[in-house]
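Q: kindly generate the corresponding structure for this input.
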Amino acid sequence: MKSFIVAALIAISLAGCGSKGSTATNAGASRLSEDQKHRLYSAALAASESPLDNDTFKRVCREIGIFDAQGRPTDQYMAFVSRHVDWWARSETEQFRREINSKERARDYLKRHLSQ
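A: You can find the predicted model right below:
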């Protein structure tokens with residue numbers, strides 16, 4: 001539930017920061033499934049008390065194509081966060097939520113799944 005609230009707050013705080021006309025610049029984003037993107041985003045949220053100030057969070061957002069190379073939200077950001085809220089609320093994600101239920105476990109997940 002905490003990640004759900006954090007995601008919503010981040011979306012609201014970044015809503016006015018989007019760069020008009022920007023698109024995802026990371027080709028890696030297209031190689032990830034939608035589920036993989038949501039898992040990385042969830043783990044990045046869970047890994048820090050202050051995701052917006054966290055370089056790993058920004059890296060994940062670039063990797064999944066919702067931040068540009070300068071660390072600003074792309075046009076896809078708000079749509080992704082809306083889908084993420086729905087994804088997070090699904091009962092099928094319960095096992096994953098348990099998998100990343102601490103900062104350490106979330107960081108470990110990112111180490112294993114974030115491209116080098």
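Q: tell me the contacts of the nearest residue to Arg59 once chain neighbours are set aside?
A: In space, and not counting its chain neighbours, Arg59 is closest to Leu114: 7.1 Å by C-beta to C-beta, 6 or more residues apart in numbering. Backbone N, C-alpha and C define where each C-beta goes, glycine included. Neighbour list for Leu114: 40, 56, 59-60, 63 [criterion: C-beta atoms under 8 Å, 6 or more residues apart in numbering].
Q: can you show me the strands along this structure?
A: Ranges of strands in the chain, per DSSP state E: none exist.
Q: so which residue is smack in the middle of it?
A: Centroid-nearest residue in the chain: Tyr41, 2.4 Å away (criterion: C-alpha atoms, centre = their mean).
Q: so it touches Arg83, yeah?
A: No - the criterion here is C-beta atoms under 8 Å, and Tyr41 misses it with Arg83 at 10.1 Å.
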